[in-house]
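Visitor: Generate a structure from the sequence data that follows.
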Amino acid sequence: MTTDPNDKAAPDRQNWLEAELEETLDETLEAELSEPMLSEDLRGLYRKAHPDDLDRRVYLRNLIRLQAELIKLQTWVEYTKSKVLIIFEGRDSAGKGGVIKRITQRLNPRTCRAVALPAPSEREQSQWYFQRYVPHLPAGGEIVLFDRSWYNRAGVERVMGFATEDEVEQFFRDVPEFERMLVRSGVIVLKYWLSITDAEQQLRFLIRIHDPMKQWKLSPMDLQSRVRWEQYTKAKEEMFERTNIPEAPWYIVEGNDKKRERLNCIEHILSKIPYEDVAYEKVELPERVFRPDYDRKTLPPELYVPKIY
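Guide: Residues are numbered from 1 along each chain as shown. Now for the predicted structure:
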């Protein structure tokens, strides 16, 4: 970056830009270094299972680059009033939350949100199956990411016996037309299956058991998913066979390496949406108004949070 030698404010601007970049890197490192808090034994086991993990510096550099593109995408979505729906499915611990977190990390939460619905209530169970999902669909100018979706019926509900075979069959008949209706109404629908191996899921569950920052992720349902791995595989295969339609195809993301999984998925999302740069009006910062009668009162010290750090 070149500067005008006569511009006395240039050093201050340069320092400010460097501080902003450092803060961006700190935020990204904070998200990455928070996982996982493991014993040395488990760390060694994890490294042994992932000898070819993507280099952290390569990962962070590309993540920040892709997140900058996601900001451009969101600006285009808001400007064109487009509607974007991205569905993330996969086995327990496949990395759905991690991918969603990296997508939304720097986006405007007013027009980009993640949806992770709890188990249906008794009232919702009596409704049309898709009804509880409809209020969360995107309006014009919005991006919505589903962390699991109506495909629960084809997966966990079927395998765990929460839905009858007749209900599952009805779902398979309904879902292609439901998604075609969404596409006809102008919604961009992207469906991702995050794929991990049997051994990788077992390792991640062990990490969840021993990592205090991840124990909340482990549920009795997760443990049952280990027992019923093969049933989930058969359910997944039929789901692909019957719901992979031209208007809303499935895309499988290999997820054993979390870093590659996140980058590949974001890169693919950007490639599937025809966004363009949006011209901005130049913003001028107005001058601060100083009034001679302005008096800033001193607030009592008990209102302030103690300065521990």
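Visitor: can you pull out the helices in the chain?
Guide: All helices of the chain, identified by DSSP state H, fall at 10-33, 40-49, 56-80, 96-104, 122-125, 156-159, 165-184, 198-210, 220-227, 229-243, 258-272.
Visitor: could you give the angle of the fourth one to helix 258-272?
Guide: This means helix 96-104. Calculated by axes from the mean of the first three to the mean of the last three C-alpha atoms, to 10 degrees, helix 96-104 forms an angle of 50 degrees with helix 258-272.
Visitor: Buried residues in helix 96-104, which are they?
Guide: Across helix 96-104, burial judged by 16 or more other C-beta atoms under 10 Å covers Lys96, Gly98, Val99, Ile100, Arg102, Ile103, Thr104. Glycine gets a C-beta too; all of them are placed from N, C-alpha and C.
Visitor: Looking at the helices of the chain, which is nearest to Val305?
Guide: helix 10-33 (20.0 Å; C-beta to C-beta).
Visitor: Could I get the phi/psi values of Gly155?
Guide: Backbone torsions for Gly155, taken as degrees, to the nearest 10, come to phi -110, psi -90.
Visitor: pretty sure it contacts Tyr232?
Guide: Yes - Gly155 is within contact range of Tyr232, at 6.7 Å (criterion: C-beta atoms under 8 Å).
Visitor: so where's this structure shaky on pLDDT?
Guide: Applying pLDDT under 70 to the chain flags residues 1-14, 16-42.
Visitor: how about a cut-off of 50?
Guide: 1-4 (pLDDT under 50).
Visitor: Pick out the residue nearest the middle of it.
Guide: Ile100 (0.6 Å; C-alpha atoms, centre = their mean).
Visitor: Name all residues that make contact with that one.
Guide: Phe88, Ala114, Leu145, Asp147 (C-beta atoms under 8 Å, 6 or more residues apart in numbering).
Visitor: now Gly155
Guide: So Gly155 contacts Glu89, Tyr232, Ala235, Lys236, Met239 (C-beta under 8 Å, 6+ apart).
Visitor: let's see 6 Å
Guide: For Gly155, the contact set (C-beta atoms under 6 Å, 6 or more residues apart in numbering) comprises Ala235.
Visitor: now do Trp193
Guide: With contacts defined as C-beta under 6 Å, 6+ apart, Trp193 is in contact with Glu89, Gly90, Trp250, Ile252.
Visitor: Could you rerun that using 8 Å?
Guide: Glu89, Gly90, Lys236, Phe240, Trp250, Tyr251, Ile252, Val253.
Visitor: nearest to Arg208, of those residues?
Guide: Closest approach to Arg208 among these (C-beta to C-beta): Gly90, at 15.4 Å.
Visitor: my read: the closest one touches Gly255, true?
Guide: Yes - between Gly90 and Gly255 there is a contact under C-beta under 8 Å: 7.0 Å.
Visitor: Residues that sit against both of those two, list them.
Guide: Joint contacts of Gly90 and Gly255 (C-beta under 8 Å, 6+ apart) are Leu194, Ser195, Ile196.
Visitor: Out of the contacts of Trp193, which is nearest to Thr164?
Guide: The closest of the contacts of Trp193, once distances to Thr164 are taken by C-beta to C-beta, is Lys236, at 19.2 Å.
Visitor: gap between that closest one and Phe162?
Guide: Distance, Lys236 to Phe162, using C-beta to C-beta, to the nearest Å: 17 Å.
Visitor: that older thread, the helices of the chain: which one's closest to Pro300?
Guide: Closest to Pro300 of the helices of the chain is helix 10-33 (C-beta to C-beta; 31.0 Å).
Visitor: For Arg123, the count of nearby residues, please.
Guide: 8 (other C-beta atoms under 10 Å).
Visitor: Arg208 too?
Guide: 19.
Visitor: for Ile245, same thing?
Guide: Neighbours of Ile245 (other C-beta under 10 Å): 16.
Visitor: ok, it touching Arg180?
Guide: Yes - judged on C-beta under 8 Å, Ile245 makes contact with Arg180 at a distance of 7.1 Å.
Visitor: what's the farthest-apart pair in the contacts of Ile100?
Guide: Phe88 and Ala114 (9.1 Å).
Visitor: Tell me the residues that contact both of the two, please.
Guide: Ile100, Leu145, Phe146, Asp147.
Visitor: from those, which is closest to Lys48?
Guide: Ile100 (28.2 Å).
Visitor: And the closest one, how far from Asn152?
Guide: Distance, Ile100 to Asn152, using C-beta to C-beta: 16 Å.
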